[in-house]
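[1] build me a structure from this.
(chains A, B, C and D)
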There are 2 protein chains.
Amino acid sequence: MFIQIEFQSDVPIYEQVTRQMIEGIARGEMKPGDTLPSVRSLAADLGVNMHTVNKSYHELEAKGIITIRPKSGAIISSAEARALSPEQLRQIEKNLKPVVAEGMVLGATAEQIEHMMKKVFADLQIPAEGV
Amino acid sequence: MFIQIEFQSDVPIYEQVTRQMIEGIARGEMKPGDTLPSVRSLAADLGVNMHTVNKSYHELEAKGIITIRPKSGAIISSAEARALSPEQLRQIEKNLKPVVAEGMVLGATAEQIEHMMKKVFADLQIPAEGV
DNA sequence: CATTTGTTATACAACTAATATAACAAATTT
DNA sequence: AAATTTGTTATATTAGTTGTATAACAAATG
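    Just a heads-up that it's a prediction; the model follows:
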């Protein structure tokens, strides 16, 4: 797992960690059952505070993506354990809406946006080789 | 334009205003050339501070969606004036990525996400009747 | 000329983000 | 069994964001 923090970004550090963890899992670089690095070691690697990483892990747990075993470590949940409840689907749709709306208003066609989505998909799904 | 603020939301008020304005334009409820309500009147309508609405308007201007004429008012830019530059396309893709990645990790299939995207599209594009 | 407009400035309270340090108790490793 | 590592909890500080409040200004509008 290579996480790269942009300290000048307007996206909070803990949010950057969360997103890149999710992308790593989507890419298959990390699999269900794998343990995440300890909050201290990852924080040291990234050059950030332990609490910042801890916040990210708890965000991942709240999303149902990992399980934190107190005093032990964090484990990536199995795909089955991740429910994809109707409520989660609604949330994804809610997240999607403003992005799509902005694209449309800026003049993107449905085809352009679908194309972008497929590009993102290809970029995330098990990269064939090379990367 | 009907804007509904959720004061308990974790999405900032100015961001809610921005998003709903964009959705209103996407839906065709507001057209290029139309003037937005004055920051004071909209603020009064929503029960928020003038500066909060002002911040939203400047965000819309930064996105290239409206033009603010100092001491006069804000006008929705024409679709042509809205460039859709390669940089804007990249930005949309960048916004799309974490949403799609999260969906995937939670177990959504490409089909499910595409379906959601089409649903959002249908919800935004000139709603046939009713509404 | 009076009103409305966005602009600018200042101030304040509440909250978030991030860091820093420390101590604790359970889990793991040696 | 002892040492180390782990997530947890607590406290404190700094900086920035969010939102409100009030006020004055000058240009645009009626």
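[2] report the buried residues of the helix ranked longest in chain A.
    Assignment by DSSP state H gives helix A:86-105 as the longest helix of chain A. Applying a neighbour-count criterion of 16 or more other Cβ atoms under 10 Å in any protein chain shown, one finds A:88-89, A:91-93, A:95-105 buried in helix A:86-105. Bear in mind the C-beta positions are built from the backbone N, C-alpha and C, glycine included.
[3] any idea how far A:I3 is from A:G24?
    A:G24 sits 8 Å away from A:I3, taking Cβ to Cβ, to the nearest Å as the criterion.
[4] who has more neighbours out of these two?
    More crowded of A:G24 and A:I3, by other Cβ atoms under 10 Å in any protein chain shown: A:G24, with 21 against 17.
[5] quick check, the helix or strand hosting that one touching DNA strand D?
    For A:G24, the element it lies in under DSSP states H and E is helix A:13-27. No: counting by Cβ under 7 Å from any atom of the strand, DNA strand D has no neighbours in helix A:13-27; the shortest distance is 12.6 Å.
[6] right, and the helix or strand after that helix?
    That would be, after helix A:13-27 and using DSSP H and E, helix A:39-46.
[7] so what does that following helix touch, helix or strand wise?
    The contact analysis (3 or more Cβ pairs under 8 Å, 6 or more residues apart in numbering or on different chains; DSSP states H and E) places helix A:39-46 against helix A:13-27, helix A:50-62.
[8] buried sites along the lowest-mean-pLDDT helix or strand in chain A?
    Within chain A, judged by mean pLDDT, DSSP states H and E, the helix or strand with the poorest mean is helix A:110-124; its value is a mean of 91. Neighbour-count burial for helix A:110-124, counted by 16+ other Cβ under 10 Å, picks out A:113, A:116-117, A:120-121, A:123-124.
[9] reformat these as a markdown table; add distance to DNA strand C.
    Compiled in a markdown table, the buried residues of helix A:110-124 are given as follows (distance: Cβ to the nearest atom of the strand, whole Å):
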| residue | distance to DNA strand C |
| --- | --- |
| A:I113 | 28 |
| A:M116 | 26 |
| A:M117 | 26 |
| A:V120 | 24 |
| A:F121 | 28 |
| A:D123 | 24 |
| A:L124 | 24 |
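[10] B:V17: which of those is nearest?
    Distance to B:V17 across the buried residues of helix A:110-124 (Cβ to Cβ) is lowest for A:I113, with 23.3 Å.
[11] that closest one and A:E102 touch, don't they?
    No: taking contacts as Cβ atoms under 8 Å, A:I113 lies outside contact range of A:E102: 10.2 Å.
[12] what touches both of these two?
    In the contact map built from Cβ atoms under 8 Å, 6 or more residues apart in numbering or on different chains, the residues linked to both A:I113 and A:E102 are B:I92.
[13] any idea of the pLDDT on A:K55?
    On the pLDDT scale, A:K55 is placed at 98.
[14] what of A:L84?
    Among the per-residue scores, A:L84 shows a pLDDT of 87.
[15] quick one, what contacts it?
    Neighbouring residues of A:L84 by Cβ under 8 Å, 6+ apart: B:106-108.
[16] filter those down to the buried ones.
    Applying 16+ other Cβ under 10 Å to those flags B:106, B:108 as buried.
[17] close to chain B, is the least confident helix or strand of chain A?
    Yes: with Cβ under 8 Å from any Cβ of the partner chain as the criterion, chain B is reached by helix A:110-124 at A:110, A:112-114, A:116-117, A:119-121, A:123-124.
[18] tell me the secondary structure at the residue of chain A positioned farthest from its centre.
    Distance from the centre of chain A peaks at A:G107, with 28.0 Å (Cα atoms, centre = their mean). Classification of A:G107 by DSSP: H, G, I helix; E, B strand; the rest coil places it in coil.
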